[in-house]
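>>> Quick check, what structure comes out for this input:
(chains A and B)
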Amino acid sequence: MDLAATAEQQAVQTETRRFLAGELTRERLAVFDREPAGYDAAFWRDVGRLGWIGYGLPSTYGGQDASLLDVGLLLEECGRAVAPQAVFDAIAGALALDALGTPAQKRAWLPGVAAGERQVALAIGERDAVADPRAFATVLRRRGTRLTLDGAKWFVPMAATADAFLVLARDGRGASAVLVPADTAGVTVTPVGTLGKDRQGVVELRNVVLAPGAVAGRPGSAWPRWQRLRRRLAALLCAECVGGADAALEMTVRHVCERQQFGARLGTFQAVQQMAAVMAMDLEGARHVTRQALWRLAEGLPADREVAIAKAWTARAYRDVTVLAHQLHGGAGYVLEHPLHRHSLRAKEAELLFGSTEEWLIELGDGLRLG
Amino acid sequence: MRYDYSPEQLAWRDEVRAFVREHVSEALRAEMRQAGNEGDGPMARAFHDALFKKGWWGVAWPQEFGGLGKNAIEQFIFIEEMEAAGAPGMRLSVTSVAPTIFRVGTKAQQDAWLPRILSGEIEFAVAYSEPDAGTDMAALTTRAELEGDEWVINGQKMWNTGAHTATHNWVAVRTEPEAPKHRGISMMIVPMDAPGIEVQPIWTMSNIRTNAVFFDNVRVPRDFLIGERGQGFYYAAMALTFERIALGSVGMLRRLLEELKVFVRRGKRDGVPLGRIPWVRRAMADLEMRVEVGRQLGLLNAWLIDQGQVPVKEGGMAKVFATELNTHFASTGLEIMGLAGQLAPTAPAAPLHGRLQWLYTIAPLQRFGGGTNEVQRMLVATMGLGLPRK
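Numbers count the residues shown, from 1 in each chain, chains lettered A, B, ... in the order given. The predicted model follows:
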């Protein structure tokens, strides 16, 4: 057992934390709130310069070969600072193209993605389907050598800013991953507001004629590969939740150490102390089941069980921590000016993404070979 | 980072596992289920003898005192494997009393007591609580007064489990009545055959026998006071942190979870295999998740100890989480068993030999014992997170 981050991992975390704490002031976040992208151009230039999006990509494509655990530790810091969700989304899109894309697609797209110059967004979910490709309304059709795509993907992250969508479409009895540049004829993007205030949208695909080589991998074979990828992305999302929960607890501790009522600091009241301890317990459990899952994935060890535990526990823990944080902050944490609401909204959304808490419990149960 | 044991740690785990596989028989487990006190029957004693012969009595003790000098993670592995096999628990003499003696005792005291504990010749019960001093241990009133070269002890102890079988008692007494209450307590060794001791049984909800013990002018030699006068409260607190590696372990739950899985795989209700019932699958997954979270907290605590820290926060969290999970686990498991969950452990048809019923009845003790969970959470908040006390 060795639960300590390496010197290099610590350096990345410290540097990231310092950078984000300096940049993401209340005022700056308020500016981001008004931006269609959810961030301003200067921020995204910095993200590119710092190499975050390509951190976990192979160096052959302009990345830094960081392990999934390393990427998770970076995302802990993004979660702590409630950095624009586009950082996570862009990393997820990059890792997805690396996992699912053809060598030609990777050569064409990943260096730009790694540099933060282009974005690839994952387009998986639909209004009425997410976990069974047979239920997808988005369909890939072949007429001779001509490939067309029809349907609509919902809940597409970075919808308004993405340069391409990695679309999972029904293809015969299976699913295919298709890389569709956003400017392809027949593609329409409509932004949709969300609880977590990330920048999702609906991507409509009407008789979209695909370029040769748009299909990533063997046609109809994408679903199992997506399932493996989904586990990796779910574990990364957990890392973001851990950082967020850590921040929510920290600001709560600060608040109850300062705020006075009945002539005493809130933190002296036993009821408050008990709640703070419950928050800390939820968080520490989350931190280590998440890092365990990421470590196993990074080491190439079997991790289905650990990922399911991480996602089922961690997003819920983040949510529970923010619920108690609100209770202990009272009105102070209820105002938009205070960052707490960003955590509590994002936490609930994280519970829904990449498989909900209950869905992961079902998966975990399926793995127990109960019959 | 490495979220797995090192090759050396795995080798140690396999060594412990091989030992318990050889020495924990179904007959021993059956004896432990029947004995009122867990692990107090002849087979349990034989197991402890085997453990002693193996040289594993003092796993955590420094080598200079005849122990193995294992670090906290290795102790965690040892405890987890022992629990996972259903072995009798380690005795407080070994896990609590001896470590205090080799930390604070004089050389003469170490020489006098440690070999006898290590050889299994003497065995301690632990007497901290009193009728009016439970969680508030510093309120204890049992007093010891020095007369010549002897201490004279008067008072009453409660929850003195094992006092009827132990050879000695590890007693917290007030020796400095004028000092502030936390600084007036000393730790004293009292042979159980000393005149003036009366042991009265108290039977508890889990059928474990504990005792009320009365001291009427009980005399012990002056140097039976261990360490410094007036430091007993702090020694007891220190001993509790040694125990927290064990208190925060979910090794037993890992075993019971595997047994519960077997029950679910084999059982049927209304013609439907239990393992196909959605809520049963969901409940089992929930237990799988919680046991893993508890295990991670226990490992975190042990790992921090090995980094030279005194993880009050993580130790407290591990204890609270594991003991509350015991209740949740037992309650959920009994529900999965359905009406059969009611069957007494003595009923041959009782699933898992009634172990979940036993767990359900012992769980309250674990939540309020060893430092009640509310106090643990308070320590997590104040010493761990830095919330103000006043």
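>>> Spell out which residues of the stretch 151-300 of chain B are next to chain A.
The stretch 151-300 of chain B comes close to chain A at residues B:261, B:264-265, B:273-276, B:280-282, B:284-286, B:288-289, B:292-294, B:296-297, B:299-300, as judged by Cβ under 8 Å from any Cβ of the partner chain. In short, each C-beta sits where N, CA and C put it, glycine included.
>>> and these, which are buried?
B:261, B:264, B:274-275, B:280-281, B:284-286, B:288-289, B:292-294, B:296-297, B:299-300 (16 or more other Cβ atoms under 10 Å in any protein chain shown).
>>> Need the nearest residue in space to B:R91, chain neighbours excluded.
With Cβ to Cβ, 6 or more residues apart in numbering or on different chains as the criterion, B:R91 has its nearest non-adjacent residue at 6.2 Å, and that residue is B:E123.
>>> Then A:A129?
A:A135 (3.8 Å).
>>> pretty sure that neighbour is touching A:D128, no?
Yes. Between A:A135 and A:D128 there is a contact under Cβ atoms under 8 Å: 6.9 Å.
>>> Is A:A152 in a helix, a strand, or coil?
Look at A:A152: counting by DSSP: H, G, I helix; E, B strand; the rest coil, its state is strand.
>>> cool, and the one 3 residues further on?
Judged by three-state DSSP, the three-state class of A:F155 is strand.
>>> what ranges do the strands span in chain B?
B:124-127, B:143-147, B:150-157, B:168-174, B:185-191, B:197-203, B:209-221, B:225-226, B:268-269, B:272-273 (DSSP state E).
>>> which residues touch the last one?
I take that to be strand B:272-273. Residues from elsewhere that reach strand B:272-273, judged by Cβ atoms under 8 Å, 6 or more residues apart in numbering or on different chains: A:371, B:265, B:267.
>>> Let me see the contact set for A:T252.
A:276, A:279, A:324-325, A:328-329.
>>> ugh, typo on my part, it should be B:P311
For B:P311, the contact set (Cβ under 8 Å, 6+ apart) comprises B:300-301, B:304-305.
>>> Name the member of these with the most neighbours.
With neighbours defined as other Cβ atoms under 10 Å in any protein chain shown, the most crowded of those is B:N301; it has 28 neighbours.
>>> ok, and the closest non-adjacent residue to residue 16?
As the question left the chain open, I've gone with chain A. A:T16's closest residue in space is A:E77 (Cβ to Cβ, 6+ apart), at 4.0 Å.
>>> if you could check chain B rather than the one you did, that'd help
Spatial nearest neighbour of B:V16, excluding adjacent residues (Cβ to Cβ, 6+ apart): B:E81 at 4.2 Å.
>>> quick one: contacts for the one you found?
B:13, B:16-17, B:20, B:251.
>>> what's the burial count for B:V250?
Using other Cβ under 10 Å, B:V250 is surrounded by 27 other residues.
>>> before we move on, back to that, will you turn the strands of chain B into a markdown table that also has mean pLDDT?
Formatted as a markdown table, the strands of chain B follow (pLDDT from 0 to 100):
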| stretch | mean pLDDT |
| --- | --- |
| strand B:124-127 | 95 |
| strand B:143-147 | 98 |
| strand B:150-157 | 98 |
| strand B:168-174 | 98 |
| strand B:185-191 | 98 |
| strand B:197-203 | 97 |
| strand B:209-221 | 97 |
| strand B:225-226 | 98 |
| strand B:268-269 | 96 |
| strand B:272-273 | 98 |
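>>> From B:R33, how far out is B:G41?
10 Å (Cβ to Cβ, to the nearest Å).
>>> So between the two, which is more surrounded?
A count of neighbours by other Cβ under 10 Å puts B:G41 above the other of B:G41 and B:R33, at 18 against 15.
>>> just checking, the more buried one touches B:M32?
Yes. Between B:G41 and B:M32 there is a contact under Cβ under 8 Å: 7.0 Å.
>>> re the thing from before, chain B versus the residue nearest to A:A129, what's the distance?
20 Å (Cβ to the nearest Cβ, to the nearest Å).
>>> Would you quantify the distance from that residue to A:G217?
21 Å.
>>> Specify which residue of these two has the higher count of neighbours.
Neighbours per residue (other Cβ under 10 Å) separate A:A135 from A:G217, with A:G217 holding more: 15 against 11.
>>> Can you name the residues that contact the nearest residue to B:I197 once chain neighbours are set aside?
Closest residue to B:I197 apart from its sequence neighbours, by Cβ to Cβ, 6+ apart: B:V218 at 5.7 Å. Residues counted as contacts of B:V218 (Cβ under 8 Å, 6+ apart) are B:152-154, B:190, B:194-197.
>>> Drop anything exposed from these.
Judged by 16+ other Cβ under 10 Å, buried ones among the contacts of B:V218: B:152-154, B:190, B:194, B:197.
>>> In JSON lines: those residues, plus distance to A:A94.
Below are these laid out as JSON lines (distance: Cβ to Cβ, whole Å):
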{"residue": "B:V152", "distance to A:A94": "77"}
{"residue": "B:I153", "distance to A:A94": "72"}
{"residue": "B:N154", "distance to A:A94": "75"}
{"residue": "B:V190", "distance to A:A94": "69"}
{"residue": "B:A194", "distance to A:A94": "75"}
{"residue": "B:I197", "distance to A:A94": "73"}
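>>> from the residues you listed, which single one is nearest A:A162?
Distance to A:A162 across the buried ones among the contacts of B:V218 (Cβ to Cβ) is lowest for B:V190, with 76.0 Å.
>>> Name the nearest residue to the closest one, sequence neighbours excluded.
B:N169 (4.5 Å).
>>> residues touching that neighbour, list them.
Shown in contact with B:N169 (Cβ under 8 Å, 6+ apart): B:124-127, B:157, B:160, B:163, B:189-192, B:197, B:213.
>>> so what's B:V310 up against?
For B:V310, the contact set (Cβ under 8 Å, 6+ apart) comprises B:T241.
>>> so B:M43 sits right up against B:R29, yeah?
No. In this structure B:M43 lies outside contact range of B:R29 using Cβ under 8 Å: 9.1 Å.
>>> Against A:P302, how distant is the residue nearest to B:I197?
Counting by Cβ to Cβ, the gap from B:V218 to A:P302 is 60 Å.
>>> Assign A:S176 to helix, strand or coil.
strand.
>>> likewise the one 3 residues further on?
Under the three-state scheme (three-state DSSP), A:L179 adopts strand.
>>> Apart from its neighbours in sequence, what residue is nearest the residue in the stretch 201-350 of chain B positioned nearest to chain A?
For the stretch 201-350 of chain B and chain A, the shortest gap (Cβ to the nearest Cβ) falls at B:G275, measuring 2.8 Å. Sequence neighbours aside, A:G371 is the residue nearest to B:G275 in space, at 2.8 Å (criterion: Cβ to Cβ, 6+ apart).
>>> residues contacting that neighbour?
A:G371 neighbours (Cβ under 8 Å, 6+ apart): B:264-265, B:273-276.
>>> now swap in B:P388 and tell me
A:257, A:265, A:267-268, B:382.
>>> that older thread, is it possible to get CSV of the contacts of A:T252 that adds secondary structure?
Shown next, in CSV, are the contacts of A:T252 (three-state DSSP):
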residue, secondary structure
A:A276, helix
A:M279, helix
A:L324, helix
A:A325, helix
A:L328, helix
A:H329, helix
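>>> tell me, which of these make contact with chain B?
Counting by Cβ under 8 Å from any Cβ, A:A276 from these sit close to chain B.
>>> The contacts of A:T252, buried ones only, as a PyMOL selection?
Buried residues within the contacts of A:T252, by 16+ other Cβ under 10 Å, are selected in PyMOL with:
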select buried, chain A and resi 276+279+324+325+328+329
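>>> between the contacts of A:T252, which is nearest chain B?
Nearest to chain B among these, counting by Cβ to the nearest Cβ, is A:A276 at 4.5 Å.
>>> separation between the residue nearest to B:R91 and A:G263?
Counting by Cβ to Cβ - B:E123 and A:G263 are separated by 52 Å.
>>> pretty sure B:M378 is touching A:Q274, no?
Yes. The criterion here is Cβ under 8 Å, and B:M378 meets it with A:Q274 at 7.2 Å.
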